[in-house]
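Peer 1: Build me a model from this:
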Amino acid sequence: MVTGAGGMLAHAVSASLSGAGDRTLGVFLDDAEAAAGRGRFDESLVHEFGRASDAPARLEGLARAAEAFRPDWVLHLAAWTDVDGCEADPGRAARVNAEGCREAARVAGRCGARLMAISTDYVFDGAGGLPYLEDDAVAPASAYGRSKLAGEAFVREADARHLVVRTAWLFGPHGRNFVDTIRARLEQGQPVRVVDDQRGCPTLTTDLAGALRSLAGSDARGVVHVVNAGDATWCELAREVARHLGREALVTPITTEELGRPAPRPRYSVLDTSRYASIAGQPLPHWRDALRRHLAGPPTT
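Peer 2: Purely as a prediction, here's the structure:
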């Protein structure tokens, strides 16, 4: 069972699960999203996580559908990932990202499934200078990070068998993302000014999807960091896109302060993936390799 079934990561997850011969139930945000993506799942339904009105009735309907489908796993991908939007409306962020995890955990409990929930590098404050381990102290600086951390707590409290996967800086086909936005602007000859003092781990959704499938076949539980190998600043990532296009001169580095976004971002949020590599037998490919593979396809924005 896959929540957030209309999202960019869910597109990659559905392809990975289908390729492995798994039956899937997709949970979409609304009817329009379900109509557009229904063919990617064996079954589908609509449920808006974290909506305050008529929550018990909606949750009961979702739980009954899950019981009928009898999933082994609930992959909870549904989230509100607009970092600045979350900062402006922390109540909604808490409902969708935190309460949504609690709803997903309750559904998983009703149908006897394990829950795998996606979290973020934004649970860290970014004040360190070494890659973060799963057990390192968390201190989110933004409403988005706080809402995702609260969701992690609901997952852990629900069942010790559940799994939280922290990832970061996603890009891939079938969704809006930094890489394709930069590519589109550069292809149009537009200059781009990109932050060069925030460092993290660019991650391709198709690589992440394969990792999630691998984790579902393991006995992993607790928290696991999964990102592509290597790290970069946003500007370094943009420059690599520009290099592939022969447009390096169009990229200008700026500071976080110059960008002036409402929500604070971690300056250093590189995730250590040693635990994932020990489970899967190898780390994910380097982000430059992932970017090359992604750029070989057409723009998706």
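Peer 1: Touching the lowest-mean-pLDDT helix or strand in the chain from outside, list them.
Peer 2: Among the helices and strands of the chain, helix 55-69 carries the lowest confidence by mean pLDDT, DSSP states H and E, at a mean of 89. Contacts made with helix 55-69 from outside it, assessed by C-beta atoms under 8 Å, 6 or more residues apart in numbering, are listed as 1, 25, 27, 43, 45, 47-48, 51, 74, 103, 106-108, 110-111, 113. From N, CA and C alone the C-beta is placed, and that goes for glycine too.
Peer 1: How far away from the center of its chain is that helix?
Peer 2: 24 Å (C-alpha atoms, centre = their mean, to the nearest Å).
Peer 1: So for the helix or strand following that helix, mean pLDDT?
Peer 2: The first helix or strand that comes after helix 55-69 along the chain, using DSSP states H and E, is strand 73-76. Regarding strand 73-76, the rounded mean pLDDT is 98.
Peer 1: Please identify the pairing partners of strand 73-76 and their relative orientation?
Peer 2: Each strand that strand 73-76 pairs with, and the sense of that pairing, follows from DSSP bridges: strand 2-3 (parallel), strand 114-120 (parallel).
Peer 1: Quick check: buried residues in the least confident helix or strand of the chain?
Peer 2: Within helix 55-69, the residues scored as buried using 16 or more other C-beta atoms under 10 Å are 58-59, 62-63, 65-66, 69.
Peer 1: hey, which of the strands paired with strand 73-76 is tucked in deepest?
Peer 2: strand 2-3 (a mean of 28; mean count of other C-beta atoms under 10 Å).
Peer 1: Where do the helices of the protein begin and end?
Peer 2: Counting by DSSP state H, the chain has helices at residues 8-19, 31-37, 55-69, 83-88, 90-93, 100-111, 143-158, 178-187, 205-216, 234-245, 256-259, 274-280, 287-295.
Peer 1: could you say what helices and strands the fifth one packs with?
Peer 2: Packing partners of helix 90-93 (3 or more C-beta pairs under 8 Å, 6 or more residues apart in numbering; DSSP states H and E): helix 83-88, helix 143-158.
Peer 1: Tell me which of the ones you listed is the most buried.
Peer 2: Ranked by mean neighbour count under mean count of other C-beta under 10 Å, the helices and strands packed on helix 90-93 are led by helix 143-158, which reaches a mean of 22.
Peer 1: any chance of the helices of the chain in a markdown table, with distance to Tyr268 too?
Peer 2: Putting the helices of the chain into a markdown table (distance: least, C-beta to C-beta, whole Å) gives the following:
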| stretch | distance to Tyr268 |
| --- | --- |
| helix 8-19 | 24 |
| helix 31-37 | 35 |
| helix 55-69 | 38 |
| helix 83-88 | 16 |
| helix 90-93 | 23 |
| helix 100-111 | 26 |
| helix 143-158 | 14 |
| helix 178-187 | 18 |
| helix 205-216 | 21 |
| helix 234-245 | 13 |
| helix 256-259 | 12 |
| helix 274-280 | 18 |
| helix 287-295 | 16 |
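Peer 1: Ok, which of those comes nearest Thr167?
Peer 2: Of all the helices of the chain, the one in closest proximity to Thr167, counting by C-beta to C-beta, is helix 205-216 (5.8 Å).
Peer 1: In CSV, list the C-alpha atoms belonging to the closest one.
Peer 2: Listed in CSV are the C-alpha atoms of helix 205-216, where the atom choice follows Å, rounded to 0.1, in the frame of the first residue of the first chain:
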residue,chain,number,x,y,z
THR,A,205,13.8,9.0,-6.9
THR,A,206,14.4,5.8,-9.0
ASP,A,207,17.4,4.9,-7.0
LEU,A,208,15.6,5.6,-3.7
ALA,A,209,12.6,3.5,-4.9
GLY,A,210,14.8,0.5,-5.4
ALA,A,211,16.3,1.0,-2.0
LEU,A,212,12.9,1.1,-0.4
ARG,A,213,12.0,-2.2,-2.1
SER,A,214,15.3,-3.6,-0.8
LEU,A,215,14.5,-2.5,2.8
ALA,A,216,11.0,-4.0,2.6
